[in-house]
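J.: After the sequence you'll find the predicted model.
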Amino acid sequence: MGLSAGPVPARVDAPAKQGLLDLVDHAVAEGFSVRWACRQLGIDHTRVAGWRSTVRAGGTLEDQPPGPPPGEALHALLDWERAAIVTLANQWGQVDLSHRKLAHRGSRLGVVYASESTVLRVLTAEGLHLPGVPVVREPRRRTPWPDWVELVPGQIWIYDFTHFRGVPGWCAIAVLDVVSRYWLSTVLAPEETWVQVQNAFIAALETDQKAWLLDDATLASRLASGTLGEPTGDQTPDELPVLLAVSDNGPQMRSSRTAEFMTITRIAQHFGRPGTPNDQAWIESFFGHLKAEHPYLDTITDPAVLRRELDIRKDHYNT
């Protein structure tokens, strides 16, 4: 058979395979087991079982060339798989409504096993559109900052809420200066409302020596009378906003009470695009670095201890 002493190599030609099968059959005919014969020949019995099933099925023992048949990609989608995906969409499309659920439906039913992207690609090629596939919309343009804003410290602030795993149900709001990156204030509270926004900005105004904005009785009376509107070009320098507060579209930021407070303190509001955290990249990056560089903050379970640690981190960050 062209074999040397020792275990049978991983690759042997068809005559060697047939010779090994004959030896095993001879041993079985003499009363020995297949496993004993394979052990004596130095070959795994599963290889012999595979060769025997191939011969019984009418196949050849010759090794086939590796790879897919000529003209077919290694991982190409077969024609019957494409047809199964189309049939699945016709039967379950109005139920699943999306290509993602449809892909999982095919796996559960055992009809076809294909990824979500593959199902979408096949349906697109066949001109099928499921109701759940989102419609491509024009991207929203970022709202420009007001003309009166200058990129100088003390004029553009940004704020947002974050949570810590050690104190579920509590939240922290931080106010930063966009240009100088100065950490102005932090408020840790069991609520996430307009009250925390006001408290954070009051502390920030005091930190930045702008507490005089809280004592503007003229603006407060005009707000109460309903004569104070959005800033216009006709306003005097004493009536123009002093600060610009950048935030996302959270309900605390969009609250009418927050808007009243901001107007009284001559702070203009600027909201980012919905679902676009990059518009608030300064505060998002700040929270990310804070938690990554000080992971112990997420392990603190006492709000009082966490509040003290945040104050310590703020002092260290600003120095």
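T.: Cool, the structure landed.

J.: what's the pLDDT at G71?
T.: G71 carries a pLDDT score of 68 in this model.

J.: Against L243, how distant is the closest residue to L184 other than its chain neighbours?
T.: With Cβ to Cβ, 6 or more residues apart in numbering as the criterion, L184 has its nearest non-adjacent residue at 3.8 Å, and that residue is A204. For glycine as for every other residue, the C-beta is placed from the backbone atoms N, C-alpha and C. Counting by Cβ to Cβ, to the nearest Å, the gap from A204 to L243 is 9 Å.

J.: So which helix or strand of the protein has the lowest pLDDT on average?
T.: One helix or strand of the chain scores below all others by mean pLDDT, DSSP states H and E: helix 217-225, with a mean of 57.

J.: and A57, how many neighbours?
T.: Counted with other Cβ atoms under 10 Å, residues neighbouring A57 total 7.

J.: the helices in the stretch 51-200 of the chain, which residues?
T.: Counting by DSSP state H, counting those that start in this stretch, the segments of the stretch 51-200 of the chain that form helices are 79-96, 99-109, 116-125, 194-207.

J.: so the second one versus helix 79-96, what angle?
T.: Angle between the axes of helix 99-109 and helix 79-96 is 110 degrees (criterion: axes from the mean of the first three to the mean of the last three Cα atoms, to 10 degrees).

J.: Repeat that for the shortest one.
T.: Helix 116-125 and helix 79-96 meet at an angle of 90 degrees, taking the same axes, to 10 degrees as the criterion.

J.: What is helix 116-125 packed up against?
T.: Contacts defined by 3 or more Cβ pairs under 8 Å, 6 or more residues apart in numbering; DSSP states H and E place helix 116-125 against helix 79-96, helix 99-109.

J.: mind exporting the shortest one as CSV, just the C-alpha atoms?
T.: By that I understand helix 99-109. Backbone C-alpha positions of helix 99-109 (Å, rounded to 0.1, in the frame of the first residue of the first chain) are rendered in CSV as follows:
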residue,chain,number,x,y,z
HIS,A,99,-34.8,41.9,7.7
ARG,A,100,-33.3,41.4,11.2
LYS,A,101,-36.2,39.6,12.6
LEU,A,102,-36.7,37.8,9.3
ALA,A,103,-33.1,36.4,9.5
HIS,A,104,-33.8,35.0,13.0
ARG,A,105,-37.1,33.6,11.9
GLY,A,106,-35.4,31.6,9.1
SER,A,107,-33.0,30.2,11.7
ARG,A,108,-35.7,29.2,14.2
LEU,A,109,-37.8,27.6,11.5
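
J.: If you count contacts, what does it end up packed against?
T.: Judged by 3+ Cβ pairs under 8 Å, 6+ apart, the packing partners of helix 99-109 are helix 79-96, helix 116-125.

J.: What of the first one?
T.: Taking 3+ Cβ pairs under 8 Å, 6+ apart as contact, the helices and strands that helix 79-96 lies on are helix 99-109, helix 116-125.

J.: pLDDT on the first one, on average?
T.: Confidence over helix 99-109, taken as the mean pLDDT, stands at 91.

J.: which residues does the residue nearest to P274 when sequence neighbours are not counted contact?
T.: Nearest residue to P274, sequence neighbours excluded (Cβ to Cβ, 6+ apart): N249, at 5.4 Å. Going by Cβ atoms under 8 Å, 6 or more residues apart in numbering, N249 touches F271, G272, P274.

J.: pLDDT weak spots in this structure?
T.: In the predicted model, the chain carries pLDDT under 70 at residues 1-6, 68-69, 71-74, 133-136, 216-239.

J.: ok, which stretches of it are strands?
T.: For the chain, applying DSSP state E gives strands covering 156-162, 171-177, 183-189, 243-247, 267-271.

J.: With distance to S53 and mean neighbour count as added columns, please give those strands in a markdown table.
T.: Converted to a markdown table, those look like this (distance: least, Cβ to Cβ, whole Å; neighbours: other Cβ atoms under 10 Å):
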| stretch | distance to S53 | mean neighbour count |
| --- | --- | --- |
| strand 156-162 | 62 | 22 |
| strand 171-177 | 64 | 22 |
| strand 183-189 | 69 | 21 |
| strand 243-247 | 68 | 22 |
| strand 267-271 | 68 | 18 |
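
J.: Out of the ones you listed, which is closest to Y113?
T.: strand 156-162 (41.1 Å; Cβ to Cβ).

J.: Residue ranges of each domain in this structure, please.
T.: 14-56, 79-125, 156-318 (automatic domain parsing).
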